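A.B. asks: have a look; sequence and predicted model below, questions after that.
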Number of protein chains: 4
Amino acid sequence: MSPADPDFERRVRDSFERQSFMKTIGATLERVDPGAVDIRLPVHSGLTQQHGFVHAGAVASIADSACGYAAFSLMPPDSGVLAVEFKINLMSPAAGDCLIARGRVIRAGRTLTVCQADVVAVRDGNEKTVAMLTATVMTVTGRADVQG
Amino acid sequence: MSPADPDFERRVRDSFERQSFMKTIGATLERVDPGAVDIRLPVHSGLTQQHGFVHAGAVASIADSACGYAAFSLMPPDSGVLAVEFKINLMSPAAGDCLIARGRVIRAGRTLTVCQADVVAVRDGNEKTVAMLTATVMTVTGRADVQG
Amino acid sequence: MSPADPDFERRVRDSFERQSFMKTIGATLERVDPGAVDIRLPVHSGLTQQHGFVHAGAVASIADSACGYAAFSLMPPDSGVLAVEFKINLMSPAAGDCLIARGRVIRAGRTLTVCQADVVAVRDGNEKTVAMLTATVMTVTGRADVQG
Amino acid sequence: MSPADPDFERRVRDSFERQSFMKTIGATLERVDPGAVDIRLPVHSGLTQQHGFVHAGAVASIADSACGYAAFSLMPPDSGVLAVEFKINLMSPAAGDCLIARGRVIRAGRTLTVCQADVVAVRDGNEKTVAMLTATVMTVTGRADVQG
């Protein structure tokens, strides 16, 4: 995958910094490569649903951001990224020390990009896949309110 | 829709109280009827993505919980509810005074229930639909770690 | 819903005639209103899966076409419609005298339109919902190979 | 992946033979390995939508069957497989000499199995990915009308 902007990593990291929701849940941006972005979420008691597992919405949130930034890493400067739709399969209860969402671009089109993210739960250094998300994201250009 | 447990509302409200992630984002449980549950999320700066709109993950989180509890409202006592999968279409940027996710049961099966939620953004009393989510949720019985 | 082209019905019916796959499975176009299109599929032995029910792919095919044409009914002349993605929940085994897919536009955007279709099975005049599909379709303009 | 039944290949091939819809569209069963099944669809004029590409419903049909049989290959004797839901992203117009859907199991659970299929179009020996489908399928036991 070849980024349209050599400065893609800085743009991705700057944009992630502006996602205050990621701060609210405690997620951090890790790997940023062309078409591949990882987001890490330490598990804590503020993330859980009624059984003590991480809420499916929190799992989806980091997977959606990982997909969006994987797509954004390939986009030209002055473009913005918007989520069109995503679908997630929750395969195992999400519990452990932290979750890692690994987003990657499956196909980058001019307007629409298809991405996929796997979410793994890490416990004592061992990984278990807990969810898989596929997303369609849109490249937006020429809109002052949708930059980054 | 007819609830299997006349005490369904109390069970739904008790379970929602245990979803600490809903507290973290600031969501509250509103309407609880058989097969229909509304969740309200006041918009605040801790929920946003990079353009200042509410993050798609936060939108999905309240829609997923609204669907899960709509399904749970029809389930027998001593059962638990687990999210199997959901898909969301983001139709308009989510901004306004608050969001309301309205979940309802489309078909309740013995093991699997299909639900749908519309998410509207409210600004100055006017509603605009911003997202639509469809979900499959599972009725779990006989598991001590999955109650509620 | 207001069609961009007063001649929308003729355009939809002409385009449907060119979908030879609909002829292969035996589907017919019924209602064509702005943003709402019904497709009918008589059940026959060439449509079944291994248990004798109508194959999920056949159910999805008429629901996808119903959504696509519901969206297309609102589009300007000289545009074309392409399926971006769809998701279907199969709620009951599809069996009976015929299936009817009722597609409707949920939100029509400039580039992307979100649609939904319910598929009912009709037996002895009684309807039962067997599936629900949500779709994203794209308006394509200025491409000679994508008209209709 | 380890099949619960050493005779899995015969069971899969027998069941596929009973899918008359696959015959109607002209699809054939190719590879059958534990958790991985390929279905081939020669492109012909009876499969097309209005622009001459293979209809998204036909693409979804072979991908859904490939996923279902990938899941079924791991199931115990006397079980049946039912499609719960699937989602497909159409990434490129489907055209060429034939399509191949490659289904594989992502996670096999006791009741639910998550699968994914890639669909490639083959032209002059070269492959291009045209679609990606994720599916949830259900293992059904003890129902005389759902065997295979």
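C.D. replies: Received it, and whenever you're ready, just let me know what you need. Everything numeric in this text was worked out from a predicted model, so none of it was measured.

A.B. asks: longest strand of chain A?
C.D. replies: If each strand of chain A is counted by residues according to DSSP state E, the longest one is strand A:126-141.

A.B. asks: that one: partners in the sheet, and parallel or antiparallel?
C.D. replies: Taking DSSP bridges as the criterion, strand A:126-141 sits next to strand A:79-90 (antiparallel), strand A:112-123 (antiparallel) in its sheet.

A.B. asks: which one of those strands is the most hemmed in?
C.D. replies: Highest mean neighbour count of the strands paired with strand A:126-141: strand A:79-90, a mean of 25 (counted as mean count of other C-beta atoms under 10 Å in any protein chain shown). In this view, the C-beta of every residue, glycine as well, is placed from N, C-alpha and C.

A.B. asks: ok now that strand, how far from the chain's centre?
C.D. replies: Centroid separation between strand A:79-90 and its chain, computed with C-alpha atoms, centre = their mean, to the nearest Å, is 9 Å.

A.B. asks: now stretch A:138-148: buried residues?
C.D. replies: Of the residues in stretch A:138-148, those buried under the neighbour-count criterion (16 or more other C-beta atoms under 10 Å in any protein chain shown) are A:138-140, A:146-148.

A.B. asks: now these in CSV, with pLDDT?
C.D. replies: Converted to CSV, the buried residues of stretch A:138-148 look like this (pLDDT from 0 to 100):
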residue, pLDDT
A:M138, 97
A:T139, 97
A:V140, 94
A:V146, 86
A:Q147, 87
A:G148, 88
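
A.B. asks: CSV for those residues, including distance to A:A66?
C.D. replies: Written out in CSV, the entries for these read as follows (distance: C-beta to C-beta, whole Å):
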residue, distance to A:A66
A:M138, 17
A:T139, 17
A:V140, 19
A:V146, 19
A:Q147, 20
A:G148, 16
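
A.B. asks: picking that back up, of the strands paired with strand A:126-141, which is nearest D:S73?
C.D. replies: Within these, the stretch nearest D:S73 is strand A:79-90; the backing value is 19.3 Å (C-beta to C-beta).

A.B. asks: tabulate the CA atom coordinates of the closest one in CSV.
C.D. replies: Output in CSV follows, covering the C-alpha atoms of strand A:79-90 (Å, rounded to 0.1, in the frame of the first residue of the first chain):
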residue,chain,number,x,y,z
SER,A,79,-8.8,15.2,2.8
GLY,A,80,-11.0,14.0,5.6
VAL,A,81,-12.3,10.6,6.6
LEU,A,82,-15.9,9.8,7.5
ALA,A,83,-17.4,6.4,8.6
VAL,A,84,-20.1,5.2,6.3
GLU,A,85,-21.0,1.9,8.0
PHE,A,86,-19.4,-0.9,9.9
LYS,A,87,-20.4,-4.4,11.0
ILE,A,88,-18.9,-6.2,13.9
ASN,A,89,-19.0,-9.9,15.0
LEU,A,90,-18.4,-10.4,18.7
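
A.B. asks: hmm, whichever helix or strand comes after that strand in reach of chain D?
C.D. replies: Stepping forward along the backbone from strand A:79-90, the first helix or strand reached (DSSP states H and E) is strand A:98-108. Yes - between strand A:98-108 and chain D, judged by C-beta under 8 Å from any C-beta of the partner chain, the touching residues are A:106-107.

A.B. asks: mind checking what secondary structure A:T24 has?
C.D. replies: The three-state assignment at A:T24 reads helix, by DSSP: H, G, I helix; E, B strand; the rest coil.

A.B. asks: is it correct that it is in contact with B:T24?
C.D. replies: Yes - with the criterion set as C-beta atoms under 8 Å, A:T24 and B:T24 qualify as a contacting pair; they are 7.0 Å apart.

A.B. asks: correct me if wrong, but A:Y69 is in a strand.
C.D. replies: No - read with three-state DSSP, A:Y69 is helix and lies in no strand.

A.B. asks: hmm, A:V12 and it touching each other?
C.D. replies: Yes - applying C-beta under 8 Å, one finds A:Y69 in contact with A:V12, separated by 5.0 Å.

A.B. asks: who touches both of these two?
C.D. replies: In terms of C-beta atoms under 8 Å, 6 or more residues apart in numbering or on different chains, A:Y69 and A:V12 are both contacted by the residues A:29, A:32, A:37.
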